[in-house]
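[1] I'll drop the sequence and a predicted model, then ask my questions.
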Amino acid sequence: MLGPTNTGKTHLAVERLCGHASGIMGFPLRLLAREVYDRVVAAKGAHQVALITGEEKIVPPQARWYLCTVESMPLDREAAFVGIDEGQLGADPERGHVFTDRLLRARGYAETMILGSETLKPLIRKLLPEAEIITRPRFSTLAYAGPKKLSRLPRRTAIVAFTATEVYAIAEMLRRQKGGAAVVMGSLSPRTRNAQVAMYQSGEVDYLVATDAIGMGLNMDIAHVAFAGLGKFDGKRQRRLTLAEMAQIAGRAGRHQRDGTFGTVQLGATEQCAFSAEEIEGLEAHRFEPLTQLVWRNSALDFSSLPRLVATMDARPPRAELVRGDDALDLAVLKQLAGEPWVMERANSRLLGEKGLFRLWQACGLPDYRKTGVEVHTRLVARVFRHLTEGNGRLPEAWIAAEIAHLDRVSGDVEMLADRIAAVRTWTYVTHRPDWVDNAATWAERTRALEDRLSDALHTALTQRFVDRRTAVLLKDLKARGTDALVAIEADGAVAVDGEVIGRLDGFRFTADAAARAGEQRLLLAAAERHLVRELAHRAKQLAGSPAADFALVSGAQGGQQLHWRGARVAALRKGRDALTPRVELDRAVAGLAPDDRRRVQQRLEAFVTEASARVLAPLTRLADLADSVSPPARGLIVQLVAALGVLDRAPLAELLAGLNRLDRQALARNGVRLGPQHVFVPSLLRPEPTRWRLALWAVAQDQAQLPPLPPPGRVSIASDGLAADFLTVAGFWLVGPQAVRIDMVDRLARHIHERRDGRTPFIPDPVWAASLGLSGDGLARLLRALGYRPRLVDGAPHFAWAGRSHAGRRASSSEAVPDAGGNAASPFAVLAGMKGR
């Protein structure tokens with residue numbers, strides 16, 4: 001039965017197979033044999049169906065139907081039906097001789113069916129003149145769609161490349177642009193390949209990247225086939241694909257009666273990646289040059305001696321339609337080993353007879369799954385043959401165990417896992433030969449289990465490397481706007497669409513996943529914009545009804561003074577009419593809400609700032625209310641004190657202070673105002689929380705984007721470290737040399753000294769003063785000088801005496817010194833350090 005791809009030939013052949021009492025069918029791939037085996041088992045039962053491939057053998061005692069690779073067909077069995085799939089592969093330089101042998105020799109006693117392309121028809125007529133040729137037309141049309149950029153390829157496209165490197169590179173590009181792709185290559189194990197195909201068929205990904213292995217038997221829902229190249233290396237040279245090879249691949253587009261298209265993908269390739277007009281016409285019309293010859297090799301082998309065996313295999317074809325191909329791997333290995341004296345000796349051993357030579361030929365048939373080349377593979381075959389012709393004629397179990405243990409690792413990248421699977425397939429082939437291995441069934445089960453584990457690991461590695469499920473989900477989501485995707489927001493703010501985390505939602509601000517690429521970021525933001533509208537509206541409603549405990553003023557951040565709701569930033573404070581009435585500016589994320597939601601959020605945040613500042617800074621509110629009931633000097637003082645957020649230097653206020661009457665002073669005292677020697681301030685506002693608010697409001701009024709770190713709570717003195725005097729004043733500290741002292745503690749010390757001293761009589765400072773202020777001796781000396789006291793020597797002992805109001809407030813330099821009893825200069829710290837218990 002001949003015809004192009006997509007004609008249902010294989011399906012019909014399987015029906016014919018099942019319609020007979022027994023049957024054998026050979027396929028070009030282990031994968032296809034397994035696929036059809038599963039179908040026949042479903043119809044006939046596992047006890048009646050056998051599977052034979054190089055690496056797998058399931059042969060129940062009552063088996064009647066055999067599904068095999070072409071090489072593994074049991075030609076010594078009699079069967080009612082014999083089928084051979086992809087018969088045109090008889091022209092293949094490497095495996096063609098096997099297909100040709102089956103075409104010429106394999107027969108069912110009731111029916112023999114050869115499936116292939118129409119290019120095989122002339123040769124079938126000549127080689128098998130008695131055969132009935134049935135041609136089946138393609139169910140759908142195949143049309144040329146021209147070249148396309150990778151980003152413009154339609155969904156359900158298969159991109160075909162001809163090296164693993166190209167396949168991986170294209171799959172990586174598709175991952176970035178389209179969310180990923182499934183990968184199909186001839187080197188993959190059937191289990192891995194099935195898993196990748198299932199991922200494509202289920203719609204998890206919309207693109208497939210494959211080698212020309214896709215051209216045989218893989219029935220998938222492919223709408224378009226894009227060629228990444230039109231040339232391949234055939235083992236000897238780089239050449240252009242034949243028209244039949246192009247058709248085999250392009251024919252995968254379309255299914256049943258669904259039309260398909262083909263073309264090329266533009267990847268910066270050379271000019272050869274373009275179809276000629278003749279090729280396009282031939283592919284669309286399914287019109288190809290017929291095959292004129294099939295590859296043949298003599299199957300009547302002479303095992304009487306090694307030279308005769310080689311000679312029979314080098315025999316000339318009996319007909320002009322048959323041609324000897326290049327030496328296949330098994331013959332090339334045989335010829336290599338024929339030059340080894342020990343091989344010749346064992347192959348021609350009288351003790352072994354023909355069995356020795358037959359065993360040599362069997363060993364040469366060991367496939368080179370790892371593609372190591374003739375030289376390397378010959379060494380492995382030689383070792384196998386050596387073991388088969390010595391001792392008990394079996395491969396040592398210790399060797400097999402060691403090789404399997406070395407491969408039993410599921411770590412590594414795609415290439416490493418694929419290489420291990422290829423190596424395991426070698427041992428799977430070996431352990432399926434009971435005449436080579438003791439306990440063959442046990443070893444076969446171990447190698448099969450190992451291949452399955454490695455195959456699963458390879459599928460996982462391929463998926464992790466070439467599939468970005470999140471991008472795929474987002475692309476589908478954007479294309480299917482009529483559907484509702486499942487959106488979940490976790491407790492930690494993670495946002496997931498159909499189970500894929502796309503970013504975080506903190507308050508109203510959505511942040512795309514930091515690991516996303518630039519192109520993917522746009523998809524994530526678009527998805528968030530679409531799916532989070534309801535959630536953001538819901539949060540706006542929650543914010544509008546939230547209690548004050550849900551809000552916080554966050555000071556000192558890089559973004560200025562911020563308002564947070566439930567730990568997430570929602571607004572910032574900006575300069576307003578005065579320091580106590582800043583303006584609330586919504587974050588951009590909040591500003592994007594619907595107008596009504598935005599208005600409610602704005603009102604609630606403004607209310608929080610008003611309420612919180614009135615509560616935390618209540619003394620300032622009371623002072624503002626007092627202004628109308630006092631004298632003009634007191635009113636002026638109150639206005640300045642409120643504007644300065646509760647702390648003023650005293651010196652510039654001398655005139656206003658002089659104008660205060662007794663009632664003014666009493667009213668100010670009742671409202672918490674302290675008229676200190678250096679500052680006018682409200683002590684209750686120096687507590688940590690009021691100080692934090694005052695500094696934040698001061699920074700907003702001064703348009704300062706960032707505040708220095710706030711003084712630690714409880715500290716009465718700090719290192720100034722270049723801090724601005726204005727900042728320190730609002731923070732409630734007085735700058736004295738390299739240190740700053742809290743102004744209420746300065747006021748307390750000044751009052752204490754005033755109560756203790758007798759006019760201008762010198763006094764000795766109490767060392768406890770320095771400890772209580774967290775100052776060194778030098779620091780206390782500087783503070784006393786700033787308060788208007790000067791060091792004196794009385795009877796040779798250092799004292800301090802009041803120098804008058806004109807000296808108070810002048811900052812003392814750290815270099816100022818006090819003369820000691822001998823008239824030499826000594827630091828204030830040295831003077832004070834010498835005072836003991838005075």
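    Right, received. Where do you want to start? Residues are numbered from 1 along each chain as shown.

[2] all the strands of the stretch 451-600 of the chain, residue numbers only.
    For the stretch 451-600 of the chain, applying DSSP state E, counting those that start in this stretch gives strands covering 487-489, 494-497, 500-506, 509-512, 551-557, 560-565, 568-574, 583-586.

[3] what helix or strand is residue 31 on?
    Per DSSP states H and E, residue 31 falls inside helix 30-44.

[4] contact partners for residue 679?
    Residue 679 makes contact with 647-650, 729, 734, 743, 746-747, according to Cβ atoms under 8 Å, 6 or more residues apart in numbering. Backbone N, C-alpha and C define where each C-beta goes, glycine included.

[5] need those residues in a markdown table (columns: neighbour count and distance to residue 46).
    Formatted as a markdown table, the contacts of residue 679 follow (neighbours: other Cβ atoms under 10 Å; distance: Cβ to Cβ, whole Å):
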| residue | neighbour count | distance to residue 46 |
| --- | --- | --- |
| 647 | 24 | 92 |
| 648 | 20 | 97 |
| 649 | 16 | 98 |
| 650 | 16 | 102 |
| 729 | 21 | 91 |
| 734 | 27 | 94 |
| 743 | 24 | 93 |
| 746 | 24 | 96 |
| 747 | 19 | 98 |
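
[6] sort out for me which of these are in helices.
    The helices, defined by DSSP state H, take in 729, 743, 746-747 from the contacts of residue 679.

[7] what about residue 92, neighbour count?
    18 (other Cβ atoms under 10 Å).

[8] how about the one 3 residues further on?
    Other residues near residue 95 number 18, with proximity taken as other Cβ under 10 Å.

[9] tell me how far it lies from residue 127.
    Distance of residue 95 to residue 127, given as Cβ to Cβ, to the nearest Å: 18 Å.

[10] got it, and residue 758?
    Counting by Cβ to Cβ, the gap from residue 758 to residue 127 is 136 Å.

[11] more crowded one of those two?
    residue 127 (17 against 8).

[12] kindly state the pLDDT recorded for that one?
    Looking at residue 127, its pLDDT reads 93.

[13] report the contact partners of it.
    103-104, 294, 319, 321.

[14] now do 10 Å
    The contact partners of residue 127, taken as Cβ atoms under 10 Å, 6 or more residues apart in numbering, are 90, 100, 103-104, 120, 294, 319, 321-322.

[15] secondary structure element for residue 404?
    helix 397-407.

[16] flag every buried residue along that helix.
    Neighbour counts over helix 397-407 (16 or more other Cβ atoms under 10 Å) mark 400, 403-404, 407 as buried.

[17] out of the ones in helices among the contacts of residue 679, which comes closest to residue 83?
    residue 729 (98.4 Å; Cβ to Cβ).

[18] which SS state does residue 799 fall under?
    Secondary structure, DSSP: H, G, I helix; E, B strand; the rest coil: residue 799 is strand.

[19] what about the nearest residue to it once chain neighbours are set aside, how many neighbours?
    Of all residues not flanking residue 799 in the chain, residue 762 sits nearest, at 3.4 Å (Cβ to Cβ, 6 or more residues apart in numbering). By other Cβ under 10 Å, the residues close to residue 762 number 18.

[20] and the closest residue to residue 802 other than its chain neighbours, what pLDDT?
    The shortest distance from residue 802 to any non-neighbouring residue, by Cβ to Cβ, 6+ apart, is to residue 760 (5.0 Å). With respect to pLDDT, residue 760 scores 83.
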